[in-house]
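Peer 1: no sequence on this one, just coordinates:
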């Protein structure tokens, strides 16, 4: 989710927060600073952050406090509770304009995915799209939800839309290859993988998938070669973990089952000059939470 996160932070902090009570009882902070502090605490100590965010909300913290509580719940891996809060916050009368609501619904959708509830995820993400957030990431998020339900045609459709918005995204091409492979479109899937590698020759996920395709076609040495490249260029990545499993399976004479599309991580935003970044990396990479 590549969003204007700092703008969202400032906007939420300015809404519904009428009292000066801080979750850290620091009356010298303005509401944007309180929100920034709360999000940092949500990353460092999510239990305490959730407690303080709720107290801040009771004292008039408004949407900013409730959003911080939801972020803390994601860090605590309480994904369904977090998703419910994101969804509820998006429906609040003081939650802000359509752009902010759509961002909150996108976050809700990702939390529902992590909670293993694709129906709710698809509903939240569809609402985000209806509010006008037609970014590549929202389409890709809904594709993941649809993939969880094995709605491969729907997932491919969303990824087609995402790639129209941003055609040079190797990660989206790999996801579409996964959807196409699932319905037997192997030639198109391989074309997507080849294009992804052309865009980023060291992209581990694409190399893992190309290796799997090579193995399916009987090219064991080619498959092993792609997976070994992943171990060299991205040795500590989730892709490398998968490559190791594939290689182990290959050595035993078998074949690893193909992986489903997975929830994505949200990159930590860069801060405006002279300011610290709000901690908004609420959807961790697969395998980390």
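Peer 2: Cool, the structure landed. A quick note: this is a predicted structure, and the numbers were derived from the prediction, not measured. Residues are numbered from 1 along each chain as shown.
Peer 1: Which elements pack onto the host helix or strand of residue 249?
Peer 2: Assessed by DSSP states H and E, residue 249 sits inside helix 238-251. On a contact count with 3 or more C-beta pairs under 8 Å, 6 or more residues apart in numbering; DSSP states H and E, helix 238-251 meets helix 204-216, helix 220-233. In this view, the C-beta of every residue, glycine as well, is placed from N, C-alpha and C.
Peer 1: looking at these, which is buried most?
Peer 2: Scoring the helices and strands packed on helix 238-251 by mean neighbour count under mean count of other C-beta atoms under 10 Å gives helix 204-216 as the most buried, with a mean of 24.
Peer 1: hey, where'd the helices end up in the stretch 1-150 of the chain?
Peer 2: Using DSSP state H, counting those that start in this stretch, the helices assigned to the stretch 1-150 of the chain run over residues 5-13, 31-44, 46-56, 62-75, 79-91, 98-114, 118-130, 136-148.
Peer 1: Quick one: distance of the fifth one to the chain centre.
Peer 2: So that's helix 79-91. 15 Å (C-alpha atoms, centre = their mean, to the nearest Å).
Peer 1: Buried residues, that helix. List them.
Peer 2: 79, 81, 82, 83, 84, 85, 86, 87, 89, 90 (16 or more other C-beta atoms under 10 Å).
Peer 1: List the contacts of the residue nearest to the first one when sequence neighbours are not counted.
Peer 2: Distances taken as C-beta to C-beta, 6 or more residues apart in numbering put residue 115 closest to residue 79, at 3.7 Å, once the chain neighbours are dropped. Residues in contact with residue 115 (C-beta atoms under 8 Å, 6 or more residues apart in numbering) are 79, 80, 83.
Peer 1: Find me the pLDDT at the second one, would you?
Peer 2: Per-residue confidence (pLDDT) for residue 80: 97.
Peer 1: The residue nearest to it when sequence neighbours are not counted and residue 81, how far apart?
Peer 2: The shortest distance from residue 80 to any non-neighbouring residue, by C-beta to C-beta, 6+ apart, is to residue 115 (4.1 Å). Relative to residue 81, residue 115 is positioned 9 Å away (C-beta to C-beta, to the nearest Å).
Peer 1: what about stretch 215-227, distance to the chain center?
Peer 2: 30 Å.
Peer 1: repeat for stretch 103-123
Peer 2: For stretch 103-123, the distance to the chain centre is 10 Å (C-alpha atoms, centre = their mean).
Peer 1: can you check stretch 188-206 too?
Peer 2: Taking mean C-alpha positions (C-alpha atoms, centre = their mean), stretch 188-206 and its chain are 20 Å apart.
Peer 1: swap in stretch 52-68?
Peer 2: That offset, for stretch 52-68, works out to 24 Å (C-alpha atoms, centre = their mean).
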